[in-house]
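Participant: sequence plus the predicted model coming up.
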Amino acid sequence: MLPTVTDVLRLDAVRRGQPRVVAGADRLDNRVRWVHVAEVTDIAHLLHGGELVLTTGIALPDEPARLRAYIGELSEVGVSGLMVELGRRYAAVLPPALIAAAEDHGLPVVVLAHEPAFVDITESVHARIVQEQYAELRASEQLHEIFTQLSVEGASTDEVVRQVAALGGHPVVLENLAHQVLAADAGGGDPAELLSAWETRSRAVRPAQRTGYDASSGWLVTTVGARGEDWGRLIITLGSPPSPRETVLIERAATTLALGRLLDRHAESAERQAHGTIIARILAHSYSDPQEAAARARALGVPLSGRRLLGVVLRPRGAAPSPVAELSESAAAACKEARLPALVGMLDEGTGSARVGVLASLPARADVETALTDVATRVRKLSGGDCVMAIGSVVDSIRDVRRSFQEAEQVADVACRGTGGRLFYRLPDLRLRGLLHLMRDDARLQTFVERELGPLLEYDAQRGSDLTRILELYLEAGRNKAVAAQQAHLSRPAFYERLRRIERVLDADLDDVESCASLHVALLALSSVRWERP
C-alpha cells in the first residue's frame, strides 16, 4: 500500500528537516504515489496526481491572488501535499494567503525549518514506495499460487470460502443472486451474528462495479460468474476500506469459485464421455446443423434421424446413493440389454446435482410404455440402489430434444424429494409451484424475482412494513379486494391504501391482468427461492 503523508513525515530524512504541518492537517492520510521537486509555479499541468511536491519557494509569486491560484492548481490535479523548505524564500513562515488557500482546498502543507537534502527525501520515499509495491506483488503471487492449487485440487465451495477467511482475517460470505447464503465462514466470530437478517442487509449493498467497497456496511463485494452468467456474490466484511491485497484476494477467490463450478466433472468411461458430449452439445444448441449431431450419434451406433426421441434423466436417491458414474454405466447396460439405441452420459450444467442423461431413440412404431418399463426395470436391477428415472415428452426432431430433457430434469428433481416407488415419473405430476421450485437456483429466475419484487422487498425491509404479504393476499384472493382485506384483518379503506402504495413502489397497475400475473408468478418464485434446503 502506498505510504501516506503521515508515513513520509516519520522518515528520518524528513525528520532531520524538523517538519511542521501548517495547513491541511486533517488530510495527512493522503497517499503519496511519488515525490517531485519543482521550483516553478506552472508545474500542475505536468503532474498526474498523488505527488508530494518539494520546493524552496524561490519562484513563488508575492501576489496573494497568484499564490491562491498556485495552490488551487495543485489541489485540482490531485497532489498529495506540498512541502516547503524555509530559509531561501521565506524566513520563518509562509504567506497567509498560501496557508488560507491550502486550508480551503484541503491540501496538506508542511514546512521544513532546517535545510534538508531533497535527494535524501526523494530516495527515502521512493524506496518505501518500491518496497510496498514489491510486497503487494509478492502477496499477489502468493494468493495466485494458493488459489491455483485449490482449483487444481478441485476444492469445494466451503473450502474456498474458508481459505479466504483465513487469509483475510475477516468473515466471508458467498450468496446467490437472491441473497441467500451458499457458504459462510465467520472467521472466528459468531456465525449467527454474521448471518442475522442477511437478506435485508445484503439487498442494501449494491456496488457500482463488479468489485466494490460499500462504506456504509463495510463490505467488500465482488460478483461471481463466468461465461457471461453471474450466479452469486462473494463478500468480505471488513469495516474499513480494503487494501490492494484484500481486493486481489476477493477477486482471485471469485475466479476460483467460478472455475470450480465450470470444471466440476466426475470420472466417466471414454464411451460415456463421448455420449455425454453429444448430449450436452445438443442441449446447448452448439451444433450449427442438427444433421451434425445425427452424424456423430450414428457413428456411435445410435440413429437419431427419422426416430422418436425421448429425454430421460436418472438421479440417485437416498442418504448414500451410488456414484453417478456407476449409475450411468448401469443405464447404458440396461439400454443395450433392452435393445434400445440410446446416448447415455452424465449431465452437468453447473447445478451441483448429480444426474445421468439418456437420449433414447425409438422406432416409429415402438410402444413407449413397454420400452420404458423394460429399461427402468433393468436399471433398478443393475444399479443395485434406489434411483429416480424421469421421462420427458416424446419429440420427433433433434431441435426439440432440449425441451424433453428440461421436462425430465424437472420431474427428476421433484421425484427425488418424494418417497414413491414407481419405475419412472412424468411431467403431468407437476404444477406451477413445483416448476418454480425446481428453478429456484437458476440465476434467471432470481433475476426475475428481483426485477419484479425487489423495490417492494427493499421497502418492507427498510420500514418494517408488510406490503409484500398484502400483495400476496390480494393475488391469492383472485384480486377480490373485499376478501383479501378480510384475510388481512384490515378495513377496506386501509387495505385499498396499501394497494395504492404497492402500485407506487412497484410502478405497476394492479388492475392490469398481465401485471398481476407476472407479480403472482414472482411471488410464487420468491417462496421457492427462499425454500429451506434440507
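Facilitator: Good, I have the coordinates.
Participant: what's next to the lowest-mean-pLDDT helix or strand in the chain, contact-wise?
Facilitator: Across the helices and strands of the chain, mean confidence by mean pLDDT, DSSP states H and E is lowest for helix 432-438: a mean of 74. Contact with helix 432-438 is made by 409-410, 413-414, 430, 445, 521, 524-525, 527-528, 531, as judged by Cβ atoms under 8 Å, 6 or more residues apart in numbering. (Each C-beta comes from the backbone N, C-alpha and C, glycine too.)
Participant: for it, C-alpha coordinates in PDB please.
Facilitator: What follows is helix 432-438, C-alpha atoms only, in PDB (Å, rounded to 0.1, in the frame of the first residue of the first chain):
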ATOM      1  CA  LEU A 432     -46.500 -24.200 -11.400                       C
ATOM      2  CA  ARG A 433     -45.200 -24.200  -7.800                       C
ATOM      3  CA  GLY A 434     -43.300 -27.300  -8.400                       C
ATOM      4  CA  LEU A 435     -41.800 -25.900 -11.600                       C
ATOM      5  CA  LEU A 436     -40.700 -22.700  -9.900                       C
ATOM      6  CA  HIS A 437     -39.200 -24.700  -7.000                       C
ATOM      7  CA  LEU A 438     -37.100 -26.700  -9.400                       C
END
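Participant: pull the distance from it to the chain's centre.
Facilitator: 24 Å (Cα atoms, centre = their mean, to the nearest Å).
Participant: over to stretch 294-306?
Facilitator: For stretch 294-306, the distance to the chain centre is 40 Å (Cα atoms, centre = their mean).
Participant: who's in contact with that stretch?
Facilitator: With Cβ under 8 Å, 6+ apart, stretch 294-306 has contacts from 271, 274-275, 278, 291, 293, 341-343, 359, 361, 364, 398.
Participant: from A376, how far out is A477?
Facilitator: For A477, the distance to A376 equals 43 Å [Cβ to Cβ, to the nearest Å].
Participant: I should have written A69 there, sorry.
Facilitator: A69 is 86 Å from A376, where distance means Cβ to Cβ.
Participant: between those two, point out the one with more neighbours.
Facilitator: A376 (21 against 16; other Cβ atoms under 10 Å).
Participant: tell me which of the contacts of helix 432-438 is nearest to P108?
Facilitator: For the contacts of helix 432-438, the closest approach to P108 (Cβ to Cβ) belongs to L445, at 52.4 Å.
Participant: can you tell me the element the closest one falls in?
Facilitator: In the assignment (DSSP states H and E), L445 maps to helix 443-463.
Participant: A258 in helix, strand or coil?
Facilitator: helix (DSSP: H, G, I helix; E, B strand; the rest coil).
Participant: so it sits against T223, correct?
Facilitator: No. A258 is not in contact with T223 according to Cβ atoms under 8 Å; the separation is 9.5 Å.
Participant: which one of those two is surrounded by more residues?
Facilitator: For the pair A258 and T223, the greater number of neighbours falls to A258 (21 against 18), based on other Cβ under 10 Å.
Participant: quick one: mean pLDDT over stretch 120-140.
Facilitator: Per-residue pLDDT over stretch 120-140 has a mean of 81.
Participant: please begin residue numbering at 808 from this point
Facilitator: Right, with 808 as the first residue, what we last looked at is stretch 927-947.
Participant: next, the buried residues of it.
Facilitator: 928-929, 931-932, 935-936, 943, 946-947 (16 or more other Cβ atoms under 10 Å).
Participant: any regions of the stretch 1158-1307 of the chain where pLDDT drops low?
Facilitator: 1158-1160, 1192, 1224-1227, 1236-1238, 1241, 1245 (pLDDT under 70).
Participant: can you give me the strands for it?
Facilitator: Taking DSSP state E, counting those that start in this stretch as the criterion, the stretch 1158-1307 of the chain carries its strands at 1162-1169, 1194-1202, 1232-1233.
Participant: what sits up against the last one?
Facilitator: Same thing as strand 1232-1233. Under Cβ under 8 Å, 6+ apart, the answer for strand 1232-1233 is 1195-1198, 1218-1219, 1221-1222.
Participant: buried ones only from these, please, as a PyMOL command.
Facilitator: Only the buried entries of the contacts of strand 1232-1233 go into this PyMOL selection, using 16+ other Cβ under 10 Å:
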select buried, resi 1195+1196+1197+1198+1218+1219+1221+1222
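Participant: in TSV, list the contacts of strand 1232-1233 along with distance to P871.
Facilitator: Formatted as TSV, the contacts of strand 1232-1233 follow (distance: Cβ to Cβ, whole Å):
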residue	distance to P871
V1195	85
M1196	88
A1197	84
I1198	88
V1218	83
A1219	81
V1221	80
A1222	84
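Participant: nearest to V959, out of the contacts of strand 1232-1233: which one, please.
Facilitator: Nearest to V959 among those, with distances taken as Cβ to Cβ, is A1219, at 31.7 Å.
Participant: contact partners for the nearest residue to the closest one once chain neighbours are set aside?
Facilitator: Once flanking residues are discounted, A1219 sits nearest to A1197: 3.7 Å by Cβ to Cβ, 6 or more residues apart in numbering. Residues counted as contacts of A1197 (Cβ under 8 Å, 6+ apart) are 1119-1122, 1215-1219, 1222, 1231-1233.
Participant: quick one: list the elements packing against the top helix by length along the chain.
Facilitator: When the chain is parsed with DSSP state H, its longest helix is helix 925-959. Where contact means 3 or more Cβ pairs under 8 Å, 6 or more residues apart in numbering; DSSP states H and E, helix 925-959 is packed against helix 812-816, helix 819-822, strand 841-844, strand 858-862, helix 964-975, helix 1051-1070.
Participant: break the protein down into its domains, please.
Facilitator: The record's domain parsing of the chain by automatic domain parsing lists 812-933, 961-1070, 1077-1237, 1250-1336.
Participant: centre of the chain to the third one, how far?
Facilitator: Using Cα atoms, centre = their mean, the distance from the centre of domain 1077-1237 to the centre of the chain it belongs to is 32 Å.
Participant: same list, the domains of the chain, but as JSON lines with distance to H951 please.
Facilitator: Formatted as JSON lines, the domains of the chain follow (distance: least, Cβ to Cβ, whole Å):
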{"stretch": "domain 812-933", "distance to H951": "25"}
{"stretch": "domain 961-1070", "distance to H951": "7"}
{"stretch": "domain 1077-1237", "distance to H951": "24"}
{"stretch": "domain 1250-1336", "distance to H951": "27"}
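Participant: looking at the chain, which residue lies furthest from center?
Facilitator: Distance from the C-alpha centroid of the chain, by Cα atoms, centre = their mean, peaks at A898 (58.8 Å).
Participant: may I have the phi/psi pair for that residue?
Facilitator: Torsion angles at A898 (phi, psi; degrees, to the nearest 10) stand at phi -70, psi -50.
Participant: buried ones in the host helix or strand of A1132?
Facilitator: A1132 belongs to helix 1131-1144 when elements are defined using DSSP H and E. Buried residues in helix 1131-1144, counting neighbours by 16+ other Cβ under 10 Å, are found at 1131-1139, 1141-1142.
Participant: would you turn the residues you listed into a markdown table with distance to L893?
Facilitator: Converted to a markdown table, the buried residues of helix 1131-1144 look like this (distance: Cβ to Cβ, whole Å):
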| residue | distance to L893 |
| --- | --- |
| V1131 | 78 |
| A1132 | 79 |
| E1133 | 83 |
| L1134 | 83 |
| S1135 | 82 |
| E1136 | 86 |
| S1137 | 88 |
| A1138 | 87 |
| A1139 | 88 |
| A1141 | 93 |
| C1142 | 92 |
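Participant: circling back: hey, which of the strands of the stretch 1158-1307 of the chain is tucked in deepest?
Facilitator: By mean neighbour count, with neighbours taken as mean count of other Cβ atoms under 10 Å, strand 1162-1169 ranks first of these at a mean of 25.
Participant: good, wrapping up.
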